[in-house]
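S.K.: mind looking at a prediction? Sequence and model below.
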Amino acid sequence: MDLVLRTVFVFFLILIVTRAVGRRELSSLEPFDLILLVVIGDLVQQGVTQSDYSLTGTTTVIVTIALLVVATAYLSFRFKRLRPLLEGEPILLISNGEVLRRNLRRQRLTVQELEAEARLQAIESLRDVRYAVLETNGKISFLAASGASG
Amino acid sequence: MSSVFEDPAVPPAGRGVVVGLWTRRAVLTLGAVLPVIALFNVLGQQPKETTGWAAAGSVTLSAPATVRGGLMFQSRVEVTAAETIDHPRLVLDDGWLEGMQISSIEPQPAREASRDGRVVLSYDRLRAGERLIVWVQSQVDPTDPGRRRAGLTLQDATTDLVRVDRTLTILP
């Protein structure tokens, strides 16, 4: 019983922590982000399975996590009001070519990082961007200004 | 371009898609059984109490009946003497030690011995009304699943007084 309860607790703990630290950590693997992800992964194993080396325990934990993932995805799909809580909302970073510095600051993103993301998508300059949106999965999508290439 | 994009008004619900969807749902539903039975302690670790009585006293064994590989668990043996037992001995079935790591037995017995392949723990005299509680801390060897007899017998020297039967299931 405790194995399932520990898995449920840790699942929601990670959900809360990842929502709290912000979404830039979800998609990037900067050194500090890597520390967070690696340490969480290691500690979760210790907390959930503890000294359990059994296939029964492993299967129970995997199935429990899978069910929780499906359940939260379904709740998010079914109830619109839960979506901001479970997944967050897209955040506008550039609107009509203007960099929204306040939104960047809130997500601990610098203009340089935004420019780097733009370059990764073959966009030469932020001036060529009409809209940039920080998606709920931590990735940034760019919509080019009309007439701009890339 | 893939045929999926040819007519967006028609949903791509071919037989394979439908079968795949229902297979996925069936697997998830089947999988849900495991956490549910785990919540009802079918998959182990929850201690179960078994008591044996006789004129000389009673023995209560509190220990999990099902465990999983690697788990640490506690077994608690409580002996209550109704009459004086001069040479109380706990004779353990082989399931107590087969495929187990014993971390500690407290209080430690005055003497340990083997009798007919079973481990015998000898303690000091118990007077009528006295209690002896023995805690055994164990860890399951993950490479040795199966079912074993894990009961015990209380003896006075070599005379059987109380028997507590128990089977221990070790899940893989």
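M.R.: Now that the structure is in, tell me what you want to look at.

S.K.: skipping its backbone neighbours, what lies nearest residue B:168 in space?
M.R.: residue B:150 (3.7 Å; C-beta to C-beta, 6 or more residues apart in numbering or on different chains). Backbone N, C-alpha and C define where each C-beta goes, glycine included.

S.K.: residue B:54 now?
M.R.: Counting by C-beta to C-beta, 6+ apart, residue B:54 lies nearest to residue B:162, which is 4.5 Å off, once chain neighbours are set aside.

S.K.: keeping just the C-alphas, turn the host helix or strand of the one you found into CSV.
M.R.: Assigned by DSSP states H and E, residue B:162 belongs to strand B:159-164. C-alpha atoms of strand B:159-164 as CSV (Å, rounded to 0.1, in the frame of the first residue of the first chain):
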residue,chain,number,x,y,z
THR,B,159,9.0,-29.8,25.2
ASP,B,160,6.7,-28.1,22.7
LEU,B,161,4.4,-25.6,24.4
VAL,B,162,2.9,-23.3,21.7
ARG,B,163,3.0,-23.5,18.0
VAL,B,164,2.4,-20.5,15.6
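
S.K.: for that strand, buried residues please.
M.R.: Residues of strand B:159-164 classed as buried by neighbour count (16 or more other C-beta atoms under 10 Å in any protein chain shown): B:161-162, B:164.

S.K.: nearest to chain A, out of the residues you listed: which one, please.
M.R.: residue B:164 (24.4 Å; C-beta to the nearest C-beta).

S.K.: ok now the helix or strand where residue B:49 lies, how far from the chain's centre?
M.R.: Taking DSSP H and E as the definition, residue B:49 sits inside strand B:47-54. The chain centre lies 14 Å from the centre of strand B:47-54; the measure is C-alpha atoms, centre = their mean, to the nearest Å.

S.K.: repeat that for stretch A:51-67.
M.R.: From the chain centre to the centre of stretch A:51-67 is a distance of 24 Å (C-alpha atoms, centre = their mean).

S.K.: per-residue pLDDT of residue 90, please?
M.R.: All of this is about chain A. Note on residue A:90: pLDDT of 88.

S.K.: you looked at the wrong chain, it should be chain B
M.R.: Residue B:90 is assigned a pLDDT of 96 by the prediction.

S.K.: spell out the secondary structure type for the spatially closest residue to it that is not a sequence neighbour.
M.R.: Distances taken as C-beta to C-beta, 6+ apart put residue B:121 closest to residue B:90, at 4.5 Å, once the chain neighbours are dropped. Put simply, residue B:121 is strand when judged by DSSP: H, G, I helix; E, B strand; the rest coil.

S.K.: wait, residue A:57 touches residue B:68, no?
M.R.: Yes - using C-beta atoms under 8 Å, residue A:57 is in contact with residue B:68, at 5.1 Å.

S.K.: break the chain into its domains for me.
M.R.: I'll assume chain A. Per automatic domain parsing, the structural domains of chain A span A:2-86, A:91-144.

S.K.: I was after chain B.
M.R.: Domain segmentation of chain B under automatic domain parsing yields B:3-39, B:47-171.
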